[in-house]
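Undergrad: Pasting the sequence and the predicted coordinates here, then a few questions.
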Amino acid sequence: MTAYKTLKGQLIKRVAQDPSNPLEGQIWYNTTIGVLKALPALTAWSAGGNLATARRSLGGLGTQTAGLAFGGIEPPTSSATEEYSGSGWSTGGNLGTARSILSGTGTQTAGLAFGGFVGTLRNETEEYNGSSWSEQNNLNTARYGLGGAGIQTAGLAFGGQTPGNTGVTEEYDGSSWSEQNDLNTGRGYLAGCGTQTAGLAFAGSSDPDATEHYDGTSWTTVNNMNTGRIKLAGGGTQTSALGFGGYNPPGTLSATESYDGTTWTTSTASLATARGNLAGAGGSNSSALAFGGASTLPAVSTLTEEYNISTTVFTAAAWASGSNMGTGRNMLAGTGTQTAALAFGGEDPSTTAKTEEYNGSSWSEQNDMPTAQQKLGGLGIQTAALAFGGSPDQDATFEYNGSSWTVGNNLGTANYDIVGTGTQTAGVAFGGQSDPDATQEYDGTNWTAGGNLNTGRRNSGRAGVQTAALGFGGYTPSPSGHTNKTEAYNGTAWTELSATMNLSRREQMTDGATNTAAIAAGGTPPNNGVTEIYNGTSWVTTASMGTARYFGGGAGTTASFLAFGGGPDLDATEEFTEGSTSTNVKTITSST
């Protein structure tokens, strides 16, 4: 047997504790615990933050940490654009021409979208500058289901449906398109990546496993993929590419293949959810992003997955089921933390005064509120909470001490569908049906008027403390409709922020420790499970709830959040945990 030193040119080190920053492939013997350890690379797809808008047949470009999704079918045909940060999606500027089955290339701040279909074949070309799209000179040949490669100032478009299979290839110089030599095999619903002088085309209708290289002048047929497919996605370069998903009629595929410039190799990692009509982004065969698509038509998906070959283990943000509430209800209030939450009031189906505490594993019933209330607001912690407003007693205030409620002084302005944040001795309440602009501050005894919201609303989200609060989403009376606006409160006045939520919605489950770290889950319209996190700069999506719902209660932080009650699953509880990373250190055994 060949010695490790002969193979690697070094001995296995004996150490008293594991290295703080080991290198890939490194092996060491931990003398303290008497085990041999190593740091191997791990190949895997892991869940990323979901798209805000479910869709298929969309376009994609960029990298895993700076991706762009645009167009597609929701239905109807979409113009929506979303930007990926490496953890979640945020809203970008809409396409000028809504369309599906289009292609794109470039970067998140210098993107190019071209071709597609909406009612007919499209030849529109648009450039993205990181915030908005602008119309450019059209493709010479209108088509859909085409491939793309290159950058915004040196793009490549090839293949597609006209509606028959075509091999037409065009180059973009940052201003206009010029026709070049055709693909050797005309085909649509293919994937592409690379550059204008080193492009890669693979799979597609008419020859679903074919691969071709482009050298800036002509195409050369090279080795086939292992699994033929159409309507797939991919990313990378001509010598380091990845292809994934797609259809091999009659079924969808999860299989992933890696290309080294010569040969395709089936990866040990497959997409968690097999699907076609998806989009992708990525810079190499070791890092990619897959998003949207459909497992079965006419379904649409928000699913996002990240592909990595890394010594880091990625644990995605996720929702997990908690114990059901004792009394299922909606229109309730909640406060506290994920392991010490309080739920009170609501409708079950009649207005209730019931109060329950959650200890991180189960709910227990406590003493009722003095008066049954629904559509009320709540704030504080499990042992020092405040309930206020609601219906039918719109000016009521109750204080909770961890075991029982007492009546406090009434709100200055009666209101329901109201929310609040802060502590029992320094709280702030805002919005509502009766007075949607109003803000009121509580000092532990009395309510006093604060500065009005810029955008009056009800059923909004809340986070932070009395002197640094956040209000977001909700329903505005004038003009009537759901909003995605976000405002920050400094203890005196509200300021509208440039960051808007990805979805305009109300009746969401929300909370957050500060005005720079808020979470919103579910809500209407429609009844949804979309979850977003505010990071102090922008709203980004994360894992969606297991049960789509609205008008429930929320408690906790962006790292550890609890959602409970709400319609239509009135007693359901879910626990959210943010994503994390760890080093893939393995213990070597005789079976390793």
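TA: Thanks, I have the structure now. Residues are numbered from 1 along each chain as shown.

Undergrad: my read: residue 125 touches residue 136, true?
TA: Yes - Residue 125 lies in contact with residue 136 (C-beta atoms under 8 Å); the separation is 4.4 Å. Bear in mind the C-beta positions are built from the backbone N, C-alpha and C, glycine included.

Undergrad: Among those two, which residue is more densely surrounded?
TA: Comparing residue 125 with residue 136 by other C-beta atoms under 10 Å, the one with more neighbours is residue 125, at 23 against 20.

Undergrad: so what's that one up against?
TA: Contacts here follow C-beta atoms under 8 Å, 6 or more residues apart in numbering; on that basis residue 125 touches 112-114, 135-139, 172, 177.

Undergrad: Tell me how many other residues surround residue 62.
TA: With other C-beta under 10 Å as criterion, residue 62 counts 26.

Undergrad: Remind me which helix or strand it belongs to.
TA: Assigned by DSSP states H and E, residue 62 falls within strand 59-63.

Undergrad: Next secondary structure after the lowest-mean-pLDDT helix or strand in the chain?
TA: Lowest on mean pLDDT, DSSP states H and E among the helices and strands of the chain sits helix 4-8, with a mean of 49. Moving toward the C-terminus from helix 4-8, the next helix or strand (DSSP H and E) is strand 13-15.

Undergrad: shaky segments in this structure?
TA: 1-11, 24-25, 37-39, 584-586, 588-592 (pLDDT under 70).

Undergrad: can you list the domain ranges for it.
TA: Annotated domains of the chain cover 4-40, 44-312, 332-515 [automatic domain parsing].

Undergrad: quick one: which of those domains is nearest residue 562?
TA: Nearest to residue 562 among the domains of the chain is domain 332-515 (4.4 Å), distances taken as C-beta to C-beta.

Undergrad: first vs last residue of that closest one, how far apart are they?
TA: Using C-alpha to C-alpha, to the nearest Å, the end-to-end distance of domain 332-515 comes out at 23 Å.

Undergrad: Off-centre distance for it?
TA: Offset of domain 332-515 from its chain centre (C-alpha atoms, centre = their mean, to the nearest Å): 26 Å.

Undergrad: go on, stretch 172-187?
TA: With C-alpha atoms, centre = their mean, you get 34 Å for stretch 172-187.

Undergrad: Would you mind pulling the contact partners of it?
TA: Residues contacting stretch 172-187 (C-beta under 8 Å, 6+ apart): 112, 114, 125, 136-141, 150, 152-159, 164-171, 196, 201, 204-207, 210, 212, 217-221.

Undergrad: Could you do stretch 205-214 as well?
TA: The contact list for stretch 205-214 (C-beta under 8 Å, 6+ apart) reads 145, 149, 156, 158, 161, 165, 169, 183-190, 194, 197-204, 219-230, 238, 248, 259, 264.

Undergrad: Show me just the buried residues among the residues you listed.
TA: Buried members of the contacts of stretch 205-214, scored by 16 or more other C-beta atoms under 10 Å, are 145, 149, 156, 158, 161, 165, 169, 183, 185-190, 194, 198-204, 219, 222, 224-225, 227-230, 238, 248, 259, 264.

Undergrad: from the residues you listed, which ones fall inside strands?
TA: Residues from the buried ones among the contacts of stretch 205-214 lying in strands, with DSSP state E as the criterion: 149, 156, 158, 169, 194, 199-202, 219, 222, 248, 259, 264.
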